[in-house]
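[1] Return a 3D structure for these sequence lines:
(one chain, ligands or ions: 1)
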Amino acid sequence: MQKHEINCDVLVAGGGMAGVCAAIAAARAGAKVVLCQDRSVLGGNASSEIRMHIVGADVHGSRKGWRETGIMEELRLEDAVRNSERCYPFWDVILYEKVMAEPNITLLLDTDVVGADVEGVGPGPLDRPQRTERMYEYNGKPGRITAAHAVRHLTEDTFTIRAKMYADCTGDGRLGFEAGADFRIGRESVEMHGESLAQPKDDTHTLGSSILLTSRKLDKPAPFVAPPWIRKFDAEQLKVGRGINSWEYGFWWIEWGGHLDSIKDNATTIRHELYRIALGVWDYVKNSGNWPESANWTLDWIGAIPGKRESRRFVGPHMLTQADVLDSHKHADEVAYGGWAIDLHPYKGIDAIDEHPYTPTHGKNVYGIPLRCYFSRNISNLFFAGRNISATHVAFASTRVMATCAAGGEAIGTAMAQCVAKKITPAELVADPKQIAALQATLLRNDVTLLNVAKPVSKALEAKITASSESAGSPAKNIVSGTRRDELNPKSGELIVSHQWMSEPLTAGGEAWVELAWTSPVEVKEVHLTFDTGFVRELTLSPSDWATKRIVRAAQPETIRDYTIVADGKVIETVTGNYSRKRVHTLKKPINANKLRIVATATNGVPEARLFEVGVF
Ligand SMILES: Cc1cc2nc3c(=O)[nH]c(=O)nc-3n(C[C@H](O)[C@H](O)[C@H](O)COP(=O)(O)OP(=O)(O)OC[C@H]3O[C@@H](n4cnc5c(N)ncnc54)[C@H](O)[C@@H]3O)c2cc1C
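    This next block holds a predicted model:
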């Protein structure tokens, strides 16, 4: 093995959706980042290796209007436009391209983070309990990671990576585990946090893992000869909630292993049994005689890695609970939000034949997540994002979906860069209202949605705003309202309150404009535009035809396609073919301007020009 030493500001371990967004956010905020991903592709459970569709606060489009913004939306739009035919490996490429486009990121693929050097904390790895829980008595003196160790067997290299801040986005919490961070595995009791959805008595069970499969229809019969070692299924075993209704997408309820150790038993018992179950279900579809319509359907792909739902959950200064989720508690240090149901599954998975494979409890509203759920309470420079955040088993059952993981990733990436720049720890950041306000302001500026934080400040707020035309209920002044999504009826999608400017319909060859005018010239360095990208619909890459038929896999029709920015009568930017929600125009040289006009000449479909926000910095 050849040894390498790397110094950086931020190490992100794990390149699932949380890790990718954390690395991009930290890099864009100016930190030098190393992103270590143990696989050859990025995306974790969303990658072509597992193929789960990313869902989030809009609950598959049934809480309309609540799609995540920021980096998650940027990735979704890129995929919808450039991967319209739903090629999963091309989604891997999009993630790879986005990460590689950041000059501040060093991407180490096929590289496992395997250890950590720590000063000032607890016993070494071998002394630690492996299962259930590890909580050191916290005396207010946290330990600190001084280096992480990584291995790339493919090229026979080892790496010692010294960073100022570390992020565990490995799902399993490997880096934090090696560093001695407090964690839990399993389900809490009702008594522990007063959660009615918790267990009468705490236990070590988790949600199970799954191996997915996809299939496609041929124009001729496609017989399936089942291997002799598979499980056999009949209608009785699948009678409760395990519907055979989307062969192309496979069956997420092929879930098993919640009674085992999802880390230690993963590659042996769990994977083997999941192969037996997945192929057994396919054999049932093809050969039971109950599904004659399956005659021309052939197996297209079957996963080799169990998609893992749950293992370690770290303990931060705050543990998110059922009440935080269902009652939408407000937190002064809110940095992300969620909205998926508390989506609990029986730990026996497919073997719980009399139980529904999932029991969702929906909160009335979306809820904020505080920064205190995203860093360790006993390791001073360790953040985390993804399914391993500081949440009870019940709250995790909502925060675990990948768009929520991605929102957390963007939050910690931004927070880590701030900690590095200001030479502070995350605990110091949350303790200082000025630092929290600065973090939230950066997040808002980057189009992150925060539910309970005042609107972003920009020079646009001081401008007089006029427009070529306005549609009823969507006046031009909305572009400085600070709210960057419409209020919709969550079920029907009907508009309740518009928070954007909408012009009257554009005529052929015509244009619509909105103008900001100041009484004396203002210096303009950056112009931020936030467009409408159709939050009335779900947007995700999904193998499911059911989900996809409601999705526009192209530029979203609501978005302005071609526009110019005009300062005091002079065109300073011209854009054609836009499909992004957020565009930042950084001027080569700052200018002084009395008037700034955004002129739309075409959209991607709708007749009128739409714009949520103009920010001037
Ligand atoms: C079958 C199944 C169905 C699901 N359904 C949905 C759904 O429909 N929609 C949805 O949004 N969510 C769904 N989820 C939940 C969601 O997929 C997970 O909660 C989510 O992937 C967690 O994101 P993450 O980034 O924390 O972890 P992951 O997606 O697991 O990513 C972590 C990454 O870190 C890498 N890694 C691990 N250890 C190391 C190490 N030591 N060094 C370097 N890299 C490492 C892993 O290879 C992985 O790529 C489902 C999960 C499963 C299993």
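[2] contacts and neighbour counts: CA atoms only from here.
    Noted.
[3] I'd like to know how many residues surround residue 155.
    Residues contacting residue 155 under the criterion other Cα atoms under 10 Å number 11.
[4] now do residue 435
    20.
[5] Verify the contact between it and residue 427 for me.
    No: in this structure, residue 435 is not within contact of residue 427 by Cα atoms under 8 Å, at 10.8 Å.
[6] Map the structural domains onto the sequence of this structure.
    Using automatic domain parsing, the domain parsing of the chain gives 2-186+317-445, 209-302, 459-616.
[7] Am I right that residue 53 is in contact with residue 541?
    Yes: if you go by Cα under 8 Å, residue 53 and residue 541 touch, sitting 5.8 Å apart.
[8] From the neighbour counts alone, determine which of the two ranks first.
    A direct count of neighbours by other Cα under 10 Å for residue 53 and residue 541 places residue 541 higher, at 26 against 20.
[9] Could you report the pLDDT at the closest residue to residue 582 other than its chain neighbours?
    Using Cα to Cα, 6 or more residues apart in numbering and skipping the chain neighbours, the partner closest in space to residue 582 is residue 530 (4.6 Å). In this model, residue 530 is scored at 98, pLDDT.
[10] give me every residue that touches residue 530.
    Residue 530 makes contact with 447, 484, 581-583, 611-614, according to Cα atoms under 8 Å, 6 or more residues apart in numbering.
[11] Ramachandran coordinates for it?
    phi -120, psi 120 (degrees, to the nearest 10).
[12] Any idea which helix or strand in the protein has the lowest mean pLDDT?
    None of the helices or strands of the chain scores lower by mean pLDDT, DSSP states H and E than strand 133-134, at a mean of 66.
[13] Residue numbers of the protein in contact with the ligand?
    Within the chain, the positions near the ligand by Cα under 6 Å from any ligand atom are 13-19, 36-39, 43-45, 52-55, 111-114, 169-171, 174, 209-210, 252, 307-309, 386-387, 400-403, 405.
[14] Please repeat the previous calculation with a cut-off of 5 Å.
    14-18, 37-38, 44-45, 53-55, 112-113, 170-171, 210, 307-309, 386-387, 400-402 (Cα under 5 Å from any ligand atom).
[15] So which of the residues you listed are in strands?
    Cross-referencing these against strands under DSSP state E gives 112-113, 210.
[16] In what element of secondary structure is residue 395 found?
    Using DSSP states H and E, residue 395 falls within helix 393-399.
[17] Now do that helix: everything it contacts.
    Against helix 393-399 from outside (Cα under 8 Å, 6+ apart): 186-188, 195, 197-198, 320-322, 324-325, 338-344, 387, 389, 405.
[18] buried ones in the longest helix anywhere in the chain?
    Identified as the longest helix of the chain according to DSSP state H is helix 402-422. In terms of neighbour count (16 or more other Cα atoms under 10 Å), helix 402-422 has its buried residues at 402-420.
[19] Pull out the buried residues from the next helix or strand after that helix.
    Remark: after helix 402-422, the chain's next helix or strand is helix 426-431, criterion DSSP H and E. The neighbour-count check on helix 426-431 (16+ other Cα under 10 Å) flags 426-427, 429-430 as buried.
[20] which strands and helices sit next to helix 426-431?
    Judged by 3 or more Cα pairs under 8 Å, 6 or more residues apart in numbering; DSSP states H and E, the packing partners of helix 426-431 are helix 402-422, helix 433-445.
[21] Send me the shortest one as PDB with only the CA atoms.
    Same thing as helix 433-445. Taking Å, rounded to 0.1, in the frame of the first residue of the first chain, the C-alpha atoms of helix 433-445 are listed here in PDB:
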ATOM      1  CA  PRO A 433     -27.200  34.100  17.600                       C
ATOM      2  CA  LYS A 434     -25.100  36.200  15.200                       C
ATOM      3  CA  GLN A 435     -23.400  33.100  13.800                       C
ATOM      4  CA  ILE A 436     -26.700  31.300  13.400                       C
ATOM      5  CA  ALA A 437     -28.200  34.300  11.700                       C
ATOM      6  CA  ALA A 438     -25.200  34.500   9.300                       C
ATOM      7  CA  LEU A 439     -25.600  30.700   8.500                       C
ATOM      8  CA  GLN A 440     -29.300  31.100   7.900                       C
ATOM      9  CA  ALA A 441     -28.700  34.200   5.700                       C
ATOM     10  CA  THR A 442     -26.200  32.200   3.500                       C
ATOM     11  CA  LEU A 443     -28.600  29.300   3.200                       C
ATOM     12  CA  LEU A 444     -31.500  31.600   2.200                       C
ATOM     13  CA  ARG A 445     -29.300  33.400  -0.300                       C
END
